[in-house]
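Undergrad: Provide a 3D model corresponding to the input given below.
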Amino acid sequence: MGLCGGEGSEEREREWVEAAEAVAYDSCTWPPPVVAVCGPGNSGKSAFSRLLLNTLLARYKRVAYLDTDVGQPEFTPPGFVSLHVLEEQTKDLTMLYLRPPKRCFFFGDVGAHRNPKLLLSYIFGLYDYFLQELYCFNETNNPQKSAIPLVINTSGWVKGIGLHVLSEILRYVSPTDVIRLHSTSEGKNLPDGAFWLDGHQGDSRVNLIVIRASQNSPRHLLVKKEARMIRDLRLIAYFRQCLPRDFPVFSCDDLVQGFSDIDPFQLPLSKIQVSGGAVYDFLTGTIVGLGSSTCLPLSSECSSPWCIGLGRGRPNFSVEVNHGGYFLGHANNRSYIDGASVWFDHVDSVTWSPGALEALIEDLGYEMQGRMLVFYLIPLLMIARNGLRRLTDEMDTTAMENFVGCGQHYISIFLDHDESIRAVDWDDVVEFPVAELPPVISHMKHVVIDDDAPGEVEDAPVPL
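TA: Residues are numbered from 1 along each chain as shown. Below is the predicted model:
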């Protein structure tokens, strides 16, 4: 199918629908189709893929979906390569939502440029799994293992390394159909023809369909994407599942507050295996993919265990110790004055405890036990805004760890050497100062005394 003429919205919508139906109902397409959808960024690949999924589901009841776009995946948080099996049509083609995958790998980046070889191994491993488990022709009596169609969503990076990765995918998969979305900006488009084949030689087995990209496509089928915002929303939605259903989350700050109130599941470092470097280099506050040693490799193309979920590494952080000063004022006027601050960097959150804090204070030449009060400042709050919390036991250091685990990179600590926070709770200045004193009314009448007539007093003072 070539590019259609006409500018009417109905005609443009018909172009997409006809392309999806041509793939789903082509009588020559047997076995079930393996379809790759490709095109430049923001061209409508995800929107057309959903339309195609709905069309295929009307015929095949079950359809596989291989998402290779780690930057803007359709059903997972960013950084994933995933394989899904869908059994229900999507009613709202513009809604973004998460779906548990059949199998997935966590690539950990939003682009292929840092390690395209690793990304390709993940994609090939998932495709091999699809062939083994979902594209079987000798088990027609088993609906769960009979052959089903596959839709492959690809990245919008179609130049340089991105074009190389896309070409490798198409060569490995050998799809029955390739849908290429064509933009009005010629410089952004993929090469014409079967570009993934050597010398652009045609392949009679490939049905190449070209349709117009999103700027010419039906508006109700499209989602206007702000890539970074969508990635953040997907991550929030994923980790939101760890919190109670009735916990309100409207922003990242709400999510951080929610995590600070729960005790996380902790995995000992002795149980973690990381290839290619020290474990501490990978767990410094990063989001990590968790795999189990019991998860066998999906194929010879990929030796890594498939991912079972995401976790967050406990990062190192910095501690600012404010010492030698005292607290002055109360409520909104409270401050810590005449003190000095010392920074301790690369504090290990895994071993952070009251004992570790006491060791830091002793490094400054102070004794902590029974000689001073220690406070920490809640991130995003201030001393004058009820942000101080006294640090007494392991529950307090655990609360600090939770803040660090949610993305806070440093914590401020204040040493109160003589309990000044309790001694004087008022400023030593006038609470409501005025520039001038108000006028004072005298309570005595003016007195005039005549020296020539002693004993006689004129206008003697009369009390009022």
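Undergrad: what about Leu190, how many neighbours?
TA: 22 (other CB atoms under 10 Å). For every residue, glycine as well, the C-beta is placed using N, CA and C.
Undergrad: how about Ile179, phi and psi?
TA: phi -100, psi 120 (degrees, to the nearest 10).
Undergrad: same for whatever helix or strand Leu357 lives in, what does it pack against?
TA: Element membership for Leu357, per DSSP states H and E: helix 354-363. Packing partners of helix 354-363 (3 or more CB pairs under 8 Å, 6 or more residues apart in numbering; DSSP states H and E): strand 316-323, helix 394-405.
Undergrad: quick one: closest of those to Leu126.
TA: helix 394-405 (30.7 Å; CB to CB).
Undergrad: that older thread, looking at the helices and strands packed on helix 354-363, which is closest to Ile230?
TA: Closest among the helices and strands packed on helix 354-363, once you apply CB to CB, is helix 394-405, at 24.3 Å.
Undergrad: list the buried residues in the closest one.
TA: Asp396, Thr397, Met400, Glu401, Asn402, Phe403, Val404, Gly405 (16 or more other CB atoms under 10 Å).
Undergrad: and the pLDDT at Glu436?
TA: Per-residue pLDDT puts Glu436 at 60.
Undergrad: what do you get for the one 3 residues further on?
TA: As summarised for this prediction, Pro439 has a pLDDT of 62.
Undergrad: any idea which of the helices and strands packed on helix 354-363 scores lowest on pLDDT?
TA: helix 394-405 (a mean of 81).
Undergrad: how far does it sit from its chain's centre?
TA: 21 Å (CA atoms, centre = their mean, to the nearest Å).
Undergrad: next, the angle from it to strand 316-323.
TA: 120 degrees (axes from the mean of the first three to the mean of the last three CA atoms, to 10 degrees).
Undergrad: could you give me the buried positions within stretch 152-170?
TA: Buried, per 16+ other CB under 10 Å, within stretch 152-170: 152-158, 162-163, 165-170.
Undergrad: kindly report the same for stretch 89-106.
TA: Leu93, Pro101, Lys102, Arg103, Cys104, Phe105, Phe106.
Undergrad: and the residues you listed as JSON lines, adding distance to Asp177, secondary structure and pLDDT?
TA: Formatted as JSON lines, those follow (distance: CB to CB, whole Å; DSSP: H, G, I helix; E, B strand; the rest coil; pLDDT from 0 to 100):
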{"residue": "Leu93", "distance to Asp177": "20", "secondary structure": "coil", "pLDDT": "61"}
{"residue": "Pro101", "distance to Asp177": "23", "secondary structure": "coil", "pLDDT": "92"}
{"residue": "Lys102", "distance to Asp177": "22", "secondary structure": "coil", "pLDDT": "92"}
{"residue": "Arg103", "distance to Asp177": "23", "secondary structure": "strand", "pLDDT": "92"}
{"residue": "Cys104", "distance to Asp177": "24", "secondary structure": "strand", "pLDDT": "91"}
{"residue": "Phe105", "distance to Asp177": "25", "secondary structure": "strand", "pLDDT": "91"}
{"residue": "Phe106", "distance to Asp177": "29", "secondary structure": "strand", "pLDDT": "89"}
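Undergrad: and these as a markdown table, adding distance to His113?
TA: Shown next, in a markdown table, are the buried residues of stretch 89-106 (distance: CB to CB, whole Å):
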| residue | distance to His113 |
| --- | --- |
| Leu93 | 30 |
| Pro101 | 24 |
| Lys102 | 27 |
| Arg103 | 25 |
| Cys104 | 21 |
| Phe105 | 17 |
| Phe106 | 17 |
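Undergrad: tell me where the model's unsure across the stretch 251-400 of the chain.
TA: Within the stretch 251-400 of the chain, the stretches with pLDDT under 70 are 252, 256, 260-286, 292-303, 312-315, 350.
Undergrad: for the residue nearest to Ala331 when sequence neighbours are not counted, what are phi and psi?
TA: With CB to CB, 6 or more residues apart in numbering as the criterion, Ala331 has its nearest non-adjacent residue at 7.3 Å, and that residue is Ala384. In terms of degrees, to the nearest 10, the main-chain angles of Ala384 are phi -80, psi 0.
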